[in-house]
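Pasting the sequence and the predicted coordinates here, then a few questions.
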Amino acid sequence: MPSRQGQYAPITLSVSRLVVLVALLLVAAMIAGAVLQRLVWKLQPETQPSALVVAAMAPSPSASVAADNQTVHLLATKVGELQATIKRLDGLGRRVAKVAGLPDGDVSVASETPEAAVVLDDLWVPLPPGPHVRPLSELESQINAVQARLTRQSDYFSMLDLAVTERAATVARLPTAMPIESYPYLSSSYGWRRNPFNGQMSMHEGLDFSAPEGTPIRAASGGVVRTVAQHRGFGNMVEIDHGEGLITRYAHAKVVLVKEGQLVTRGQLIARVGSTGLSTGPHLHFEVRQDDRPLDPRVFLAGQPMVAEQSLAQPVSVGTSGVTWRPRLR
């Protein structure tokens with residue numbers, strides 16, 4: 001800056017002083033602007049902020065009610081989903097009870113479900129004016145608890161259904177169907193007996209059903225044909241594998257109608273009665289074996305109609321030709 005003598009004198013400012021000076025100038029400008037704005041509002045009232053604008057910016061009661069209605073709608077949708085889950089579990093429970101042989105009342109669904117403290121229908125009724133609090137949070141927590149219990153119940157029923165299904169499959173593979181339907185004449189039982197060929201006591205490992213030659217022989221249960229062979233003692237023989245070491249044997253057939261490896265179903269025609277092999281007359285020799293050990297077939301055929309040896313005195317007429325067939329005891 002020029003001095004009185006016409007010479008220039010330098011003025012030095014540090015960085016910190018310069019920053020303070022700029023900040024003071026900014027504050028002074030803001031204060032001046034605020035004072036100027038208040039003066040303008042006083043001179044021109046129409047430039048003041050409108051009360052309607054301020055009111056519009058504040059949340060209105062109608063918007064709050066709309067938000068509550070939307071929350072209630074979402075909760076109602078959730079309740080509908082829970083009801084659908086309950087119906088599905090109820091159907092699953094009835095199916096499990098039917099397979100297990102239990103009455104429908106023995107299978108309960110979500111028995112520990114708490115009752116809601118608020119009736120859902122009341123939530124749709126307009127509330128009276130005044131301060132009030134909708135118990136939506138409490139209702140939502142209860143619905144979440146019910147949903148968690150239903151999820152656990154669903155997992156339990158799924159596990160139970162799988163176990164019952166496996167059990168039903170195990171029972172279904174047991175040879176419980178009669179291999180001879182038309183002529184269930186039991187001419188020789190399972191156990192020790194006198195051999196009709198050599199007169200010595202020997203173990204008879206199956207049941208003998210006397211029937212006319214050509215009588216259908218049916219599979220006692222579903223499985224896979226394991227053996228079709230001509231045996232010296234059993235003649236034309238069929239063996240069906242039912243899984244897990246369980247097989248059934250059908251011997252002395254006149255003709256075999258299935259092949260090895262063929263899948264057969266319960267009651268399917270697999271052969272016809274004959275008298276091949278060591279046999280004294282037309283009959284079916286039927287065996288049930290587990291891991292190649294003989295089992296008493298009567299255990300599996302329990303409840304099926306079978307005629308004992310004492311009931312074989314009456315002759316039976318075959319067909320319409322007047323041919324009489326009398327069961328032969330062995």
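All right, it came through fine.

list the contacts for Val288?
Residues near Val288 by CB atoms under 8 Å, 6 or more residues apart in numbering: 175, 206, 220, 246-249, 294-297, 299-300. The way it works is simple: take the backbone N, C-alpha and C, and place the C-beta from them, glycine included.

Out of the residues you listed, which comes closest to Asn236?
When these are compared for distance to Asn236 (CB to CB), Arg249 comes out closest, at 11.7 Å.

which SSE is the closest one in?
Assessed by DSSP states H and E, Arg249 sits inside strand 246-256.

That strand pairs with which strands?
strand 235-241 (antiparallel), strand 269-273 (antiparallel), strand 283-290 (antiparallel) (DSSP bridges).

Pull out the buried positions in the longest one.
For strand 283-290, the buried set under the neighbour-count rule, 16 or more other CB atoms under 10 Å, comprises 283-289.

Let's see the helix or strand hosting Phe209 as CSV, backbone CA atoms only.
For Phe209, the element it lies in under DSSP H and E is strand 207-210. C-alpha atoms of strand 207-210 as CSV (Å, rounded to 0.1, in the frame of the first residue of the first chain):
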residue,chain,number,x,y,z
LEU,A,207,-47.7,-126.2,1.7
ASP,A,208,-49.3,-128.5,-0.9
PHE,A,209,-52.5,-127.3,-2.6
SER,A,210,-54.4,-130.0,-4.5
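
In terms of secondary structure, what does it contact?
strand 185-188, strand 283-290 (3 or more CB pairs under 8 Å, 6 or more residues apart in numbering; DSSP states H and E).

Helix or strand next in line after the first one, which one?
Put plainly, it is strand 185-188. Immediately after strand 185-188, counting by DSSP H and E, sits strand 191-194.

Could you do the last one as well?
The C-terminal neighbour of strand 283-290 among helices and strands, as given by DSSP H and E, is strand 293-295.

ChimeraX command to pick out the buried ones of the contacts of Val288?
ChimeraX command restricting the contacts of Val288 to the buried ones, with burial defined by 16+ other CB under 10 Å:
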select :175,206,220,246,247,248,249,295,296,297,300
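
Gly281 contacts His252, correct?
No: here Gly281 does not reach His252: they are 9.3 Å apart, not a contact under CB atoms under 8 Å.

just to revisit the earlier point, now, which of the contacts of Val288 sits nearest Ser182?
Ser182 lies nearest to Ala220 out of the contacts of Val288, by CB to CB, at 15.4 Å.

measure that closest one to Ile247 for me?
Distance of Ala220 to Ile247, computed by CB to CB, to the nearest Å: 11 Å.

Now the common contact residues for those two.
In contact with both Ala220 and Ile247: 240, 288, using CB under 8 Å, 6+ apart.

still on that earlier bit, which element follows the strand holding Arg249 toward the C-terminus?
strand 263-264.

what pairs with that following strand, and is each one parallel or antiparallel?
Strand pairing (DSSP bridges) places strand 263-264 next to strand 223-231 (antiparallel).

Quick check: beta-bridge partners of Asp208?
Beta-bridge partners, per DSSP bridges, of Asp208: Ser188, His285.
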